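A.B. asks: Sequence plus the predicted model coming up.
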Amino acid sequence: MAPINVNVSNGLKIFKSIDLDESEEQVKGAEGQVFFIYASNTNAAARWLKLYNATAANVTVGTTVPVATFYLPPSGGTPVKLHCDLGLHFNTAITAAATTGVADNDTGAPGANEVVVVIGYA
């Protein structure tokens, strides 16, 4: 199947955090799509990247259920590289957080600068 080209005027916007943790960070405060994610973890234990379909003001990590959770392997592991030609659609907003556990209700705080993430969105 050939890749589908999506027309995004003026290209994708970039969200970057070198210290993503359990304090939610708003990627986009309105409806949008995520086209790529590059995320890494410098800790010796796994970490978890969580994406929410809500504004940061409406996300409480550990209470709000993420729509997507990504495993971030321990340091030395391959960084997460997700590319999605069609985009992952969020009909309200896009918010990101990282925790030390996979459970939706986990609130474990990664240490300073452990989780680095770059998200391309429109």
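C.D. replies: Looks like it arrived, so ask away. Everything numeric here is computed off the predicted structure, so don't read it as measured data. Numbers count the residues shown, from 1 in each chain.
A.B. asks: what's the burial count for residue 47?
C.D. replies: Neighbour count of residue 47, defined by other CB atoms under 10 Å: 27. All C-beta spots, glycine's among them, are computed from the backbone N, C-alpha and C.
A.B. asks: hmm, I was thinking of residue 73
C.D. replies: Other residues near residue 73 number 14, with proximity taken as other CB under 10 Å.
A.B. asks: residues contacting the nearest residue to it once chain neighbours are set aside?
C.D. replies: By the measure of CB to CB, 6 or more residues apart in numbering, the closest residue to residue 73 outside its immediate chain neighbours is residue 46, 6.1 Å from it. By CB atoms under 8 Å, 6 or more residues apart in numbering, the contact list for residue 46 reads 71-74.
A.B. asks: among those residues, who's most crowded?
C.D. replies: In terms of neighbours by other CB under 10 Å, the contacts of residue 46 top out with residue 72 at 26 neighbours.
A.B. asks: Against residue 17, how distant is residue 81?
C.D. replies: Computed as CB to CB, to the nearest Å, the residue 81 to residue 17 distance reads 16 Å.
A.B. asks: between these two, who's got more neighbours?
C.D. replies: Using other CB under 10 Å as the criterion, residue 81 and residue 17 rank with residue 17 on top: 18 against 10.
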